[in-house]
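J.: Sequence first, then the predicted structure:
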Amino acid sequence: RIFKYKKIEILVDYVFVCAGGSTLPLLKNFNKFISKKYFELPIDGTWLICEEKKKILKHNLKVYSETIKNNPPMSIPHLDMRNIFKEKKIFFGPFAGLTF
């Protein structure tokens with residue numbers, strides 16, 4: 001399947017930068033008048049990282065908790081073992097990150 005993207009122009013008073021998922025409905029429920037003037041953009045996820053070798057040796061894991069109905073497992077913080085440049089690390093996240 002090939003998707004064609006068209007250039008569109010969106011005029012708004014403010015841009016609400018958030019992590020997706022349920023954040024736009026949260027904004028809309030917060031104040032219906034204000035949300036009509038906002039536009040949502042997704043942002044990155046940041047992680048807490050454990051590099052302590054003793055702890056890493058004890059844990060070979062990937063742990064997810066329950067999600068809100070119809071949301072993917074990655075939408076909530078979870079524990080995850082990763083190999084970065086051939087070194088094992090334990091990640092906890094993601095948490096919404098924002099850069100200006």
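T.: Received it, and whenever you're ready, just let me know what you need.

J.: Now do the same for Leu48: its pLDDT.
T.: Looking at Leu48, its pLDDT reads 89.

J.: Verify the stated contact: it with Pro94.
T.: No - using CB atoms under 8 Å, Leu48 is not in contact with Pro94; the gap is 9.7 Å. C-betas here are computed from N, CA, C, even on glycine.

J.: Just want to know which of the two has more residues nearby.
T.: Pro94 (18 against 12; other CB atoms under 10 Å).

J.: how much space is there between that one and Lys58?
T.: 23 Å (CB to CB, to the nearest Å).

J.: cool, and Met81?
T.: 11 Å.

J.: ok, now Asp80?
T.: Counting by CB to CB, the gap from Asp80 to Lys58 is 15 Å.

J.: Could you do Lys7 as well?
T.: In terms of CB to CB, Lys7 sits 52 Å off from Lys58.

J.: quick one: which of the two has more around it?
T.: For Lys7 versus Lys58, the count of surrounding residues by other CB under 10 Å is larger for Lys58: 10 against 4.
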